[in-house]
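J.: Everything below, folded, please.
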Amino acid sequence: MTPRSHRSFVSYIDRSREYYAAQGYERPYEWAAHDDAPFAHLTGPLAESRVGLVTTAYFPPGREPAGVPPTGPKEPYVAPIDRASECVHTQDLFWAKDETHTGDLDTYLPVHRLEEALAAGRIGSISPRFYGVPTRYSHRRTSTEDAPRLAEWMHADGVEAALLVPL
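T.: The predicted model follows:
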């Protein structure tokens, strides 16, 4: 491997701090740390587990699938997984648009990759719904409002393992 004089990846920590500093925030952005997060080991093999997908993409108002209440980009939502490609939106969100794109659904909601894993017997089943969580930049709201709501939805759907795919 050739030594490099600089990073060859996008440093989201640095980018976030620079962005907020440029907006006039005096205190540097602090990334959340949750040492007591309620993660748990699977109770059985992944090949027998139901897997759910969580994304930060969202439905723009007016493009929600039938049965999905309008929430806008700053509220959690749950929607049928078979309708994801028709409605999920990313362009108004902040991400490294010079370094990557979201022209491929599987880059931020890997439905097809999960279907391949299911067909190969690597996972037991796929949740019939997927879950969207906003990027509100509020540690408190994420911890006290969004995460419990997503956990409730996933529990209702029998999800045993979640794949979190942030944009």
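J.: Confidence-wise, which helix or strand of this structure is lowest on average?
T.: helix 84-87 (a mean of 63; mean pLDDT, DSSP states H and E).
J.: Next SSE downstream of it?
T.: Sequence-wise, the next helix or strand downstream of helix 84-87 (DSSP states H and E) is helix 111-119.
J.: so after that following helix, what's the next helix or strand?
T.: Assigned by DSSP H and E, the successor of helix 111-119 is strand 125-126.
J.: Could you pull up phi and psi at the spatially most central residue of the chain?
T.: Closest residue to the average C-alpha location of the chain: residue 55 at 2.5 Å, with CA atoms, centre = their mean. Dihedral angles of residue 55 (phi, psi; degrees, to the nearest 10) stand at phi -130, psi 160.
J.: Skipping adjacent residues, who's closest to it in space?
T.: residue 109 (4.8 Å; CB to CB, 6 or more residues apart in numbering). (Each C-beta comes from the backbone N, C-alpha and C, glycine too.)
J.: tally of neighbours for that neighbour?
T.: For residue 109, the count of nearby residues is 26 (other CB atoms under 10 Å).
J.: same question, residue 134
T.: 19.
J.: that older thread, how close does the residue nearest to the centre of the chain get to residue 111?
T.: 10 Å (CB to CB, to the nearest Å).
J.: next one: residue 149
T.: 22 Å.
J.: what's the span of stretch 134-148 from first residue to last?
T.: Across its full length, stretch 134-148 reaches 13 Å end to end, with CA to CA, to the nearest Å as the criterion.
J.: Thank you, goodbye.
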